[in-house]
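Asker: Sharing a model prediction with you, sequence too.
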Amino acid sequence: MAMVKAVLVAVLAVAALAQLASAVDHPVGGSGTKWTTSGGYDAWSAAQKFTTKDSLVFDYSSSHDVVEVSKAGYDTCSTSGSVATYTGGKTTIKLTTAGKRYFICGIPGHCTAGMKLEVNVVAAATPANPRGQRSVAPVAAPAPARAPVGSSTDEQQPNVSSPTGSTPSSAASIGAKAAVALAMGMAVALAM
């Protein structure tokens, strides 16, 4: 009976840790913060860890937009040659590849007033290889394809979603969920 309890606790602990490693939605600027000309986004970004499983959640008024640009566009606050443009007040952008990504507000004067964000995305951790499987050297992911201006093909459209009625989860809420799951599992195991 004690062995069964120990195994159950171990399984539940592993499940709780797996939930901790899941993707995180990062509200740009922090929870409850809107994408505005108040700026400070790079300082916020520097304090975050973005992985290829995560998403950025931009919350903004109709007088703003989100434009993904190159490093040069970011430095000069130019939307010329932009990667993608998002409108609609709430935009979720999946971070699918490692590397730096750059976002600005395309409304004239807003970027220079502080509406710009640089994020450094790192590859998500992968589980260790199971016994008996050979390790393969990592290969760099291809750069995301740029959609031509005016393109209407589904394959080249940016990955955008507009959640309704839900508050984006943060790393803290995911950690809390994992702690609750672990505590419940231990309580069940001890009750046996």
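Answerer: Yep, that arrived. Residues are numbered from 1 along each chain as shown.
Asker: Now do the helices in the protein.
Answerer: 2-20, 41-46, 71-76, 171-191 (DSSP state H).
Asker: So for the last one, mean pLDDT?
Answerer: The predicted model gives helix 171-191 an average pLDDT of 55.
Asker: again, but for the first one
Answerer: Taken as a whole, helix 2-20 has a mean pLDDT of 53.
Asker: cool, stretch 84-101 as well?
Answerer: 96.
Asker: Going forward, count from 23.
Answerer: Yep, numbering from 23; the last one is stretch 106-123 now.
Asker: Now do the contacts for residue 72.
Answerer: 48, 78, 117, 141, 142, 143, 144 (Cβ atoms under 8 Å, 6 or more residues apart in numbering). C-betas here are computed from N, CA, C, even on glycine.
Asker: and those, which are buried?
Answerer: 48, 78, 117, 141, 143 (16 or more other Cβ atoms under 10 Å).
Asker: and the gap between the third one and residue 83?
Answerer: Distance, residue 117 to residue 83, using Cβ to Cβ, to the nearest Å: 24 Å.
Asker: can you pull the contacts of residue 45?
Answerer: 73, 75, 76, 77.
Asker: pretty sure the third one is in contact with residue 50, am I right?
Answerer: No: because the distance of 11.9 Å does not satisfy Cβ atoms under 8 Å, residue 76 is recorded as not touching residue 50.
Asker: quick revisit: tell me the one of the contacts of residue 72 nearest residue 95?
Answerer: residue 141 (14.6 Å; Cβ to Cβ).
Asker: Could you report the pLDDT at the closest one?
Answerer: 97.
Asker: ok, now how distant is it from residue 81?
Answerer: 16 Å.
Asker: show me where this structure has strands.
Answerer: With strands called from DSSP state E, the chain shows them at 47-49, 72-73, 77-81, 88-91, 106-108, 112-116, 121-126, 138-144, 182-183.
Asker: which ones are touching residue 71?
Answerer: Residue 71 neighbours (Cβ under 8 Å, 6+ apart): residue 144.
Asker: coming back round to it: now the contacts of residue 72 in TSV, with distance to residue 58?
Answerer: Below are the contacts of residue 72 laid out as TSV (distance: Cβ to Cβ, whole Å):
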residue	distance to residue 58
48	17
78	15
117	22
141	18
142	23
143	23
144	27
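Asker: Between all of the buried ones among the contacts of residue 72, which two are separated the most?
Answerer: 48 and 143 (10.7 Å).
Asker: Quick check: neighbours shared by the two?
Answerer: With Cβ under 8 Å, 6+ apart as the test, residue 48 and residue 143 both reach 72, 76.
Asker: isn't residue 143 right up against residue 116?
Answerer: No: with contact defined as Cβ under 8 Å, residue 143 does not count as touching residue 116 (10.3 Å).
Asker: Spell out which residues are contacts of both of these two.
Answerer: residue 76.
Asker: Including distance to residue 109, could the buried ones among the contacts of residue 72 go into CSV?
Answerer: Output for these, formatted as CSV (distance: Cβ to Cβ, whole Å):
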residue, distance to residue 109
48, 20
78, 15
117, 20
141, 20
143, 23
